[in-house]
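Asker: Next one to model:
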Amino acid sequence: MDIITVTGESTVTQWDSYSQNVFEDLISAVVPCWLSRAGKADKFLQVFVTILPKVVEQRRLPIIVHILRTLGEADSLGSLLFLLFHSLVSRKSLFSLSSNPSLDQLNSIINRQWEYEFALQLCQQYSCTIWLPSIVLLLQKTGTSNLSEEMVLEILVAVQFITEKLRDPEIAYKLDSGEDLNNIQATVGALMEQIVFHGLVPSAYFSVIIHLLGHEDRSVRKKALGVLCETVRDSSTINARLGKRGFVSSLRTSWLHLDETSLGSFNNLCLEILKLVDSPDDDSTTSLKLAAVSALEVLANKFPAHDSVFSMCLGSVSRRICSENSSVSSHCLRATGALINELGLKALPELPGIMGLCGKEIS
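Answerer: Predicted coordinates for the structure are as follows:
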């Protein structure tokens, strides 16, 4: 570590062509050894992020570009962006949230900081196929501690940076030309997942879905139910995946354990979905009804022990096991199983009626 620190400090005073060549040769030699022992490059990068403010501005970019090239841009750019933005928000004198600054005021402060300007300048050196996955990693690393003022600011800086980068015309060009289309779409999808789980608490998300379920266009309501199911399923996958990597934040945890506000929104959401299940049978609404029943099944599997609302759902869903539409019948049977599984003993009052319906359907 000492040799890395000394090497970094030498960039402050020495940067003629000879010194630059020596620096680059040394970095190229040291990095493989460092990675073989430490595994991660974060501490290595932190040395240079700490020293960068002392380095003349025109020297900063070539130093960092060479370091990232040696480490591998795809693996290290996201970590560097995280360290830069952490450095930015750690200067508490810049931000005084007690004075209730507006979002525009905070954004203006962020835009003027050298870390933010340098991050934009640095990403301009790479194709979007490099920096798009890097900002996904940036969000994964951001907000890994308990909710605090500093974490909120880190998320704010990251989201502002991402918003600016997504305006890059290179993305539109590649999408229009079909170049790297699948790769870019998958990366943007992963980015949206991170934004939802960082910036959109469950209560807000449920409220949006409730609003969409009131839309007059049936296709919009069906699409909203599909998005809900995907989000709920993915929340389990994402939290498990991030937990294995050591990324655990209070915002992500809010999807695992609903607070009182989110629980109220969740109950309202289930009741809105139940209205679709209880709507009159009609060939034109069958696909919407199937989507509604599937959504209740997914919610029951993901958010257990919400007794009162799930008990109401169980009664309505189980009554449709004998539907003349075989698809509706099979969907309701599966959803009934999921609801009983989550309600446990509290489902006992409904079981005699459910068994009778199942027997009737079999016969």
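
Asker: Where does the prediction get shaky in the chain?
Answerer: Within the chain, the set of residues satisfying pLDDT under 70 comprises 1-16, 18-19, 38-39, 96-100, 143-148, 196-200, 234-254, 304-307, 357, 359-363.

Asker: Let's verify the closest residue to Asp42 other than its chain neighbours: helix, strand, or coil?
Answerer: Nearest-residue entry for Asp42: Ser79, 5.4 Å, with adjacent residues in sequence omitted and distances by C-beta to C-beta, 6 or more residues apart in numbering. C-betas here are computed from N, CA, C, even on glycine. Of the three states, Ser79 takes helix under DSSP: H, G, I helix; E, B strand; the rest coil.

Asker: for Ser79, what are its contacts?
Answerer: When contacts are counted by C-beta atoms under 8 Å, 6 or more residues apart in numbering, Ser79 touches Lys40, Ala41, Asp42, Leu45, Leu137, Lys141.

Asker: For the second one, give me phi and psi.
Answerer: So that's Ala41. Note on Ala41: its backbone torsions stand at phi -100, psi 0 [degrees, to the nearest 10].

Asker: Please renumber the chain so that the first residue is 145 from this point on.
Answerer: Taking 145 as the first residue, the last one we looked at is Ala185.

Asker: need the contact list for it.
Answerer: Going by C-beta under 8 Å, 6+ apart, the list of residues near Ala185 reads Val175, Trp178, Leu179, Leu215, Asp219, Ser220, Ser223.

Asker: what does the fifth one give?
Answerer: With contacts taken as C-beta under 8 Å, 6+ apart, Leu281 has the following neighbours: Leu221, Gly222, Ser223, Phe226.

Asker: rerun at 6 Å
Answerer: Gly222 (C-beta atoms under 6 Å, 6 or more residues apart in numbering).

Asker: now the fourth one
Answerer: Leu189 makes contact with Ser223, Leu224, Leu227, according to C-beta under 6 Å, 6+ apart.

Asker: Helices of the stretch 245-394 of the chain, residue ranges please.
Answerer: For the stretch 245-394 of the chain, helices defined by DSSP state H, counting those that start in this stretch occupy the ranges 247-255, 258-267, 272-285, 293-309, 313-321, 325-343, 346-357, 362-389, 394-397.

Asker: hang on, the earlier thing: the contacts of Ser223 into CSV, with extra columns for distance to Met456?
Answerer: CSV is the format used below for the contacts of Ser223 (distance: C-beta to C-beta, whole Å):
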residue, distance to Met456
Lys184, 50
Ala185, 53
Asp186, 50
Leu189, 53
Leu281, 43
Lys285, 42
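
Asker: closest to Ser271 among those?
Answerer: Leu281 (16.1 Å; C-beta to C-beta).

Asker: what's the closest non-adjacent residue to Val376?
Answerer: Lys446 (4.8 Å).

Asker: so the one you found touches Thr375, yeah?
Answerer: No: at 9.9 Å, Lys446 does not count as touching Thr375 under the criterion of C-beta atoms under 6 Å.

Asker: Can you pull the phi and psi angles for Tyr270?
Answerer: phi -130, psi 160.

Asker: What count of nearby residues applies to the closest residue to it other than its chain neighbours?
Answerer: Leaving aside its sequence neighbours, Tyr270 sits nearest to Glu217 (C-beta to C-beta, 6+ apart; 6.1 Å). Look at Glu217: counted by other C-beta atoms under 10 Å, it has 21 neighbours.

Asker: swap in Gln329?
Answerer: Neighbour tally, Gln329, other C-beta under 10 Å: 11.

Asker: sorry, back to before: quick one: the residue nearest to Val376 and His401, what's the gap?
Answerer: 12 Å (C-beta to C-beta, to the nearest Å).

Asker: more neighbours, these two?
Answerer: Higher neighbour count among Lys446 and His401: Lys446, with 17 against 11, using other C-beta under 10 Å.

Asker: measure that one to Val453 for me?
Answerer: Lys446 is 14 Å from Val453, by C-beta to C-beta.

Asker: repeat for Leu487
Answerer: From Leu487 to Val453 the distance is 11 Å (C-beta to C-beta).

Asker: what does Ala482 give?
Answerer: From Ala482 to Val453 the distance is 14 Å (C-beta to C-beta).

Asker: same question, Val442
Answerer: Val442 is 15 Å from Val453, by C-beta to C-beta.

Asker: And Leu266, by the same measure?
Answerer: 49 Å.

Asker: try His475
Answerer: 19 Å.

Asker: Comparing these two, which shows the higher neighbour count?
Answerer: His475 (24 against 19).

Asker: contact partners of the helix or strand where the more buried one lies?
Answerer: Using DSSP states H and E, His475 sits within helix 470-487. For helix 470-487, contacts defined as C-beta under 6 Å, 6+ apart pick out 434, 437, 440-441, 444-445, 448, 454, 457-458, 461-462, 464-465, 467, 491.
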